[in-house]
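> Turn this into a model:
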Amino acid sequence: MPHTRTVRMSAWAVPGIPEIVSGNDLTVVIVAAVVSDSGDELSGGLQDGDILTVTSKIVSKAEGRSVQAADREQAITDETVRVVASRVNATGVTRIVENRLGLVMAAAGVDSSNTSDGTVLLLPLDPDATARQLCRALRERFGVRLGVVITDTVGRPWRMGQADIAIGAAGIRVLDDLRGTVDASGRPLAVSVTAVADEIAAATDLVKGKVGGLPVAVVRGLAHHVTELDAVGARSLVRIGADDMFHLGTKEAWLAGFDEANKRLARSHDTTFEED
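The predicted structure follows:
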């Protein structure tokens, strides 16, 4: 597939999304907001190739993924597949874990921001499935070929601050594999694979923000990344197996190595005694 360079793109937040509660139909809510913002009942002002990003918070709220804040630690435990790192700090213990979606995040993605007092939100049940459902429904309603990305905020190893990533996606190429092509100097690219869905998520966070009540945004100018509904979702962005070079935190990796060394030493001593 030829790789098209993006010369210009634009992004804007969609106003008019109300507070979401359990049971809300997000398709209905988003359609109403898009139509109201554009004044265009037919297409909602959307065009072929547009991409909508949807903050995971409103997906979780619609799914009823809220629990009492007092149950936060148990919720983190329930969502955890494995602990990557754990650190004691002034406010308690921070757990960096792999959650059931395969994402490595602080507190398994359990979050208390932008939710009702006394509650915390868990991540959506299946963000890729939700993205496909939204994408299919919005394509049918507006008659345009668009993509959908569901976003969440994460911290980043080696970098300060947080950024949004894609945790669900449909109708877009989540990765743009440039390997085998050549750069501007004619040199072959051997490892370049652009994380398109993550870059879209991060870009639209700049217009959605965290405090303005704007959980949906539109990106225009990336039509060459819009594809069929059966394209792989955001789960494919997670490094697994041998590709995961940072399976544990620094302290945890050191302790695991130390423990393994002690076990090998003990086995070697047992072998020596048997020979004697």
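
> switch to C-alpha atoms for all contacts and neighbour counts from now on
Will do.

> Tell me how the chain divides into domains.
The chain breaks down by automatic domain parsing into domains covering 9-65+124-242, 67-114, 250-276.

> Name the nearest residue to residue 106, sequence neighbours excluded.
What sits nearest to residue 106 in space, not counting adjacent residues and going by CA to CA, 6 or more residues apart in numbering, is residue 96, at 4.3 Å.

> Bridge partners for that neighbour, pull those for me.
Beta-bridge partners of residue 96, counted by DSSP bridges, are residue 85, residue 106.

> That one against residue 104, yeah?
Yes - counting by CA atoms under 8 Å, residue 96 does reach residue 104; the two are 6.7 Å apart.

> any shared contact partners between those two?
Overlap between the neighbourhoods of residue 96 and residue 104 consists of residue 84, taking contacts as CA atoms under 8 Å, 6 or more residues apart in numbering.

> Am I right that residue 189 is in contact with residue 177?
No - taking contact to mean CA under 8 Å, the distance of 9.8 Å between residue 189 and residue 177 leaves them out of contact.

> Between those two, which has more neighbouring residues?
More neighbours sit around residue 177 than around the other of residue 189 and residue 177, counting by other CA atoms under 10 Å; the figures are 18 against 14.

> which outside residues touch the host helix or strand of residue 149?
When secondary structure is defined using DSSP states H and E, the element that contains residue 149 is strand 147-156. The set of residues that contact strand 147-156 without belonging to it, under CA under 8 Å, 6+ apart, is 49-57, 105-106, 127-128, 131-132, 134-135, 161-172, 197, 201, 226-227.

> Filter those residues down to the buried ones, PyMOL style.
A single PyMOL command suffices to select whichever of the contacts of strand 147-156 are buried according to 16 or more other CA atoms under 10 Å:
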select buried, resi 49+50+51+52+53+54+55+56+57+105+106+127+128+131+132+134+135+163+164+165+166+167+168+169+170+171+172+197+201+226+227
